[in-house]
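Colleague: Sharing a sequence plus its predicted fold:
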Amino acid sequence: MSPVMFMIRKAREKMLVSKREATSREEGFTLIEVIISLALVTVVFVSLAQLFTLSVMQNLRSNEMSNAIFLAQQRIDYLRTLTIDELAHFPSANIGESDDELLDINQDGTLDFRRVTVVTNSQVANTAGFDVLVMVFPIFSRNVARNQLMANPDRYRVRAYIHTIITR
């Protein structure tokens, strides 16, 4: 046998052996590999879903607190426009004022907040001023007595608590 023929024969044998090895090897994924990968993907998606839910809840709470702070500041700005006599007699039913009110901020017919305002003469000597306390609560506190809200605002999840002095 010539050396060229010998080399061709050896090359054919190698090709046949490699073809047999290729067909005997398993191709694709086993059932266990698929189950494990699905479990890992599920864990990742569940974690992301929890993170998304937490993010939405924090955004809602932040929005609620922003609205409550705006309502409290709005009340203080209104009180700053009043004269000494008007502040001394706050709230005046003649002009529709209230020191305890339920508010619907977006006019959708659903009450959103309860705003409690307390105006008292200032305890600081030699000032013609008034201590002003404005607290804004979530609407679930609407049936709670005012003195209970005042005594323990944290229990009723106060959303805005602003205490200031208005002087003239």
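Modeller: All right, it came through fine. Since this is a predicted model, take the numbers as computed values, not measurements.

Colleague: Return stretch 80-87 as CSV; C-alpha atoms alone will do.
Modeller: Extracted as CSV, the C-alpha positions of stretch 80-87 are listed here (Å, rounded to 0.1, in the frame of the first residue of the first chain):
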residue,chain,number,x,y,z
ARG,A,80,-51.3,84.7,57.9
THR,A,81,-53.7,86.9,55.8
LEU,A,82,-56.1,87.3,58.8
THR,A,83,-56.1,90.3,61.2
ILE,A,84,-55.5,90.0,64.9
ASP,A,85,-59.3,90.1,65.6
GLU,A,86,-59.9,87.5,62.9
LEU,A,87,-57.2,85.2,64.3
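
Colleague: how far out from the middle of the chain is that stretch?
Modeller: The chain centroid and the centroid of stretch 80-87 are separated by 37 Å under C-alpha atoms, centre = their mean, to the nearest Å.

Colleague: residues of that stretch that come out buried?
Modeller: For stretch 80-87, burial by neighbour count (16 or more other C-beta atoms under 10 Å) applies to 82, 87. (Each C-beta comes from the backbone N, C-alpha and C, glycine too.)

Colleague: Touching it from outside, list them.
Modeller: Residues outside stretch 80-87 that contact it (C-beta atoms under 8 Å, 6 or more residues apart in numbering) are 79, 90, 92, 119, 128, 130, 166, 168.

Colleague: Report the two of those separated the most.
Modeller: With C-beta to C-beta as the measure, no two of the contacts of stretch 80-87 lie farther apart than 92 and 128, at 18.9 Å.

Colleague: coming back round to it: which of the contacts of stretch 80-87 are buried?
Modeller: Buried subset of the contacts of stretch 80-87 (neighbour count, 16+ other C-beta under 10 Å): 79, 90, 119, 130, 166.
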